[in-house]
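Visitor: Pasting a predicted model and its sequence here:
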Amino acid sequence: MTKKYFGTDGIRGLVGKAPIDPQFVLKLGWAAGKVLADGPGSKILVGKDTRISGYMFESVLEAGLTAAGVDCHLLGPMPTPAIAYLTQTLRARAGIVISASHNPFYDNGIKFFSSAGTKLPDSVELEIERMIDEPMTTQSSQHLGKAARITDAAGRYIEFCKSTIPERESLRGMKIVLDCAHGATYHIAPAVFSELGANVISIGDAPNGMNINDGFGATATDNLAQTVVQEQADLGIAFDGDGDRVMMVDHKGALVDGDVLLFIIARAALSGGKISGVVGTLMSNLGMELALKDLGIGFARSDVGDRHVLKMMKDKDWKFGGESSGHIICLDKTTTGDGIVSALQVVDVMVQSGLSLAELTGGMTLFPQTMINVKLGATKRSSSDICTDIRVLNSVQAAEDKLKDKGRVLLRPSGTEPLIRVMVEGENDDLVQLCCQEIADTVSSCTK
């Protein structure tokens, strides 16, 4: 069945416009409570990032859940993977995250974790959607849910993050710049790294409700690179607004993306005999695939999106996977993509090897890759219709003919934003950029 509300990562959109409005989110909370509860005393956790609209949606979710007879435990601003972890450890029925991840503050979204700390199965999301269309009822007074705030949530998660590297390992002597995107990691990441002994310099750590992801974080690393060079730091680490992605820069200010970070983690796991394969996506750089194969590590590509990566990892019983965007999953440590935990695994490799981040990137050569996001605007045509337009198909074929067997083309409708992503990869950077722009121009003309 086709989902009506849920996308690739929960429900997301512009605040105040359906479905991201108070009326719908109230009903969503109630529907989730009805579907996920397992009797009296069931509890569901609710966390959020730092968007100003999070206060509003936190309140209406609380009302919807308690009306359904479910206890609502509020975590406050916390990284998305923290909600996944705490849902498990606090034995909750589910965790709800109020966040639009890397999007601007005027967007928001709702996503769910199961009691096991993983994304909900499609069947459960469909059942929640079915319940949304039912009339909302309120439990009798004696059966209403209660609300409570978990005041030690941050401390619990900080200790968990620290536990994912060797117990006695210290980061003393390391100077690290952290960019928290004015998002959910602003009070967590600095504590984790400083408690482990690092000299921490924080930027993007002063959220005001409207500056999340604005010029800072994993999607805008220029400020991080400049600060690392100015401070003569060993490295810089950038998280996105909800903390499930990570990007790094080395001591020279050079960007190290998710593909390279995943390669570093995988190569280290190989030396410890803890790896058989890595799952990437259709967007993963060909250079990572070739580098992993040179090491004898298996590689497979899933559809884009962490839930697809995770599904393939479980199907193959592999422990490592991720995306070039910095969404990295280490199933030997946690159940979902976790920016802080992933960053710690890379820093652990630095400590154990005595090598700098720049030195650790050796052994993998990235192929030139260009991506252009084409906004759909006010077009009435669907993204799938545009992608299969004969003009677009001809443009793609022309690009593939130019690239021959030394590159590839990918067109992908975004699952979270109204746009089509055009990606071209190959050996020749100039040719890659030319082909990508030509296809993007053709796609754009089909949206008018």
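Guide: Great, that's in hand.

Visitor: Give me the distance between residue 409 and residue 218.
Guide: Residue 409 sits 25 Å away from residue 218, going by C-beta to C-beta, to the nearest Å. Where C-beta positions appear, they are placed from N, C-alpha and C, glycine not excepted.

Visitor: out of those two, which sits in the busier spot?
Guide: Comparing residue 409 with residue 218 by other C-beta atoms under 10 Å, the one with more neighbours is residue 218, at 29 against 21.

Visitor: Contacts only, for that one.
Guide: Applying C-beta atoms under 8 Å, 6 or more residues apart in numbering, we find residue 218 in contact with 102, 179, 181, 238, 239, 240, 245, 246, 247, 325, 326, 339.

Visitor: That one in helix, strand or coil?
Guide: State at residue 218, reduced to three classes by DSSP: H, G, I helix; E, B strand; the rest coil: coil.

Visitor: and the two most separated of the contacts of residue 218?
Guide: Across those, the two members that end up farthest from each other (C-beta to C-beta) are 179 and 325, 15.3 Å apart.

Visitor: neighbour count winner among the two?
Guide: Neighbour count, other C-beta under 10 Å: between residue 179 and residue 325, residue 179 has more, with 30 against 23.

Visitor: isn't the more buried one right next to residue 238, touching?
Guide: Yes: counting by C-beta atoms under 8 Å, residue 179 touches residue 238, with 4.0 Å between them.

Visitor: Could you tell me which residues touch both of these two?
Guide: Joint contacts of residue 179 and residue 238 (C-beta under 8 Å, 6+ apart) are 204, 216, 217, 218, 221, 224.

Visitor: which residue sits closest to residue 51, ignoring its sequence neighbours?
Guide: Distances taken as C-beta to C-beta, 6 or more residues apart in numbering place residue 105 nearest to residue 51, at 5.1 Å, with adjacent residues excluded.

Visitor: Let's verify that neighbour: helix, strand, or coil?
Guide: Secondary structure, three-state DSSP: residue 105 is coil.

Visitor: looking at it, residue 292 is touching residue 276, isn't it?
Guide: No: between residue 292 and residue 276 there is no contact under C-beta under 8 Å: 11.2 Å.

Visitor: Identify the contacts common to those two.
Guide: Counting by C-beta under 8 Å, 6+ apart, the contacts common to residue 292 and residue 276 are residue 298.

Visitor: and those two? which has more neighbours close in?
Guide: Under the criterion of other C-beta under 10 Å, the comparison of residue 292 against residue 276 puts residue 292 first, with 24 against 15.

Visitor: For residue 264, see how far away that one is.
Guide: 11 Å.

Visitor: ok, now residue 289?
Guide: Distance of residue 289 to residue 264, computed by C-beta to C-beta: 15 Å.

Visitor: Between those two, which is the more surrounded one?
Guide: Per other C-beta under 10 Å, whichever of residue 289 and residue 264 has more neighbours is residue 264, with 24 against 20.

Visitor: Enumerate every residue touching the closest residue to the more buried one other than its chain neighbours.
Guide: Spatially, and ignoring its direct neighbours in sequence, residue 264 is nearest to residue 360 (5.0 Å; C-beta to C-beta, 6+ apart). With contact set as C-beta under 8 Å, 6+ apart, residue 360 has these partners: 264, 346, 349, 350, 353.

Visitor: Count the residues that sit near residue 124.
Guide: Neighbours of residue 124 using other C-beta under 10 Å come to 17.

Visitor: Also residue 206?
Guide: Neighbours of residue 206 using other C-beta under 10 Å come to 12.

Visitor: In terms of helices and strands, where is it?
Guide: Counting by DSSP states H and E, there is no helix or strand that carries residue 206.

Visitor: What separation is there between it and residue 379?
Guide: Taking C-beta to C-beta, one finds residue 206 at 38 Å from residue 379.

Visitor: where does this structure have low pLDDT?
Guide: Within the chain, the segments meeting pLDDT under 70 span 416.

Visitor: run the last query once more with 90
Guide: By pLDDT under 90, the low-scoring segments of the chain are 1-2, 7-9, 39-41, 271-274, 304-307, 377-382, 384, 404-407, 412-418, 447-448.

Visitor: which one's the longest helix in it?
Guide: The longest helix of the chain (DSSP state H) is helix 429-446.
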